[in-house]
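**Student:** sequence and predicted structure below; questions after.
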Amino acid sequence: MASLNVGNLGEYLREQRRNAQLSLRQLADAAGVSNPYLSQIERGLRKPSAEVLQQVAKALRISAETLYVRAGILDAERDRDDVGTRAVVLADPTLTEQQKQVLLQIYESFRKENGFVGGDGAVDARTSEDAVPGTRTVGGADAGPQQTAG
């Protein structure tokens, strides 16, 4: 079934690229990937990593999560609310990329703290310290950035 997702992803990417009026070469340059590699993705011959999908999504100015679902990386049903929340944060033009990533890391740490159960039925035991580098949890609450001696 993964090859079906890869094919659907390629068709979707081609459609989005054409809607954005970009050539294959222009999108490849904007996303920082090779022209032949992007062509193989569009034809369903390659399954790109989440990082490549994020770069392509940014170049197309679309939600990376939409591409993750199309590629089979995220489960659309299970992660619908999560994807929607992430899409809203990522689409906010008033935030920097770093601010968006920090917000998403905090959001994920709160979901885990509140017992979000992953698709395999197991509760993810990562702490907010794992999810948000540079922060620590004290008594269940975020204590903010760690102070380092400088």
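**Tutor:** Thanks, I have the structure now. Residues are numbered from 1 along each chain as shown.
**Student:** now the strands for this structure?
**Tutor:** 135-138, 141-145 (DSSP state E).
**Student:** list the buried residues of stretch 97-107.
**Tutor:** By neighbour count on 16 or more other CB atoms under 10 Å, the buried set for stretch 97-107 is Val102, Leu103, Leu104, Gln105, Tyr107. Using the backbone N, CA and C atoms, a C-beta is placed for each residue, glycine as well.
**Student:** from these, pick the one nearest Leu22.
**Tutor:** Leu104 (26.3 Å; CB to CB).
**Student:** would you confirm that that closest one contacts Val88?
**Tutor:** No - the pair Leu104 / Val88 is not scored as a contact, 10.6 Å apart, by CB atoms under 8 Å.
**Student:** quick one on the thing from earlier: among the strands of the chain, which gets the worst mean confidence?
**Tutor:** Lowest mean pLDDT of the strands of the chain: strand 135-138, a mean of 40.
**Student:** skipping its backbone neighbours, what lies nearest Gln40 in space?
**Tutor:** Among residues not flanking Gln40 along the chain, Arg46 sits closest, at 4.2 Å (CB to CB, 6 or more residues apart in numbering).
**Student:** nearest residue to Arg70 in space, please, no chain neighbours.
**Tutor:** Nearest residue to Arg70, sequence neighbours excluded (CB to CB, 6+ apart): Leu9, at 4.3 Å.
**Student:** same deal with Gln16?
**Tutor:** Excluding the flanking residues, the one nearest Gln16 by CB to CB, 6+ apart is Leu60, at 5.1 Å.
**Student:** buried ones in stretch 45-53?
**Tutor:** Buried residues in stretch 45-53, counting neighbours by 16+ other CB under 10 Å, are found at Arg46, Lys47, Pro48, Val52, Leu53.
**Student:** quick one: mean pLDDT for it?
**Tutor:** Across stretch 45-53, pLDDT averages out at 89.
**Student:** with stretch 93-110 instead?
**Tutor:** On average, stretch 93-110 scores 87.
**Student:** picking that back up, quick one: residues contacting the residue nearest to Gln16.
**Tutor:** Leu13, Gln16, Arg17, Ala20, Leu22, Leu27 (CB atoms under 8 Å, 6 or more residues apart in numbering).
**Student:** for those, pick the one with the most neighbours.
**Tutor:** Within the contacts of Leu60, most neighbours by other CB atoms under 10 Å means Leu13, with 25 neighbours.
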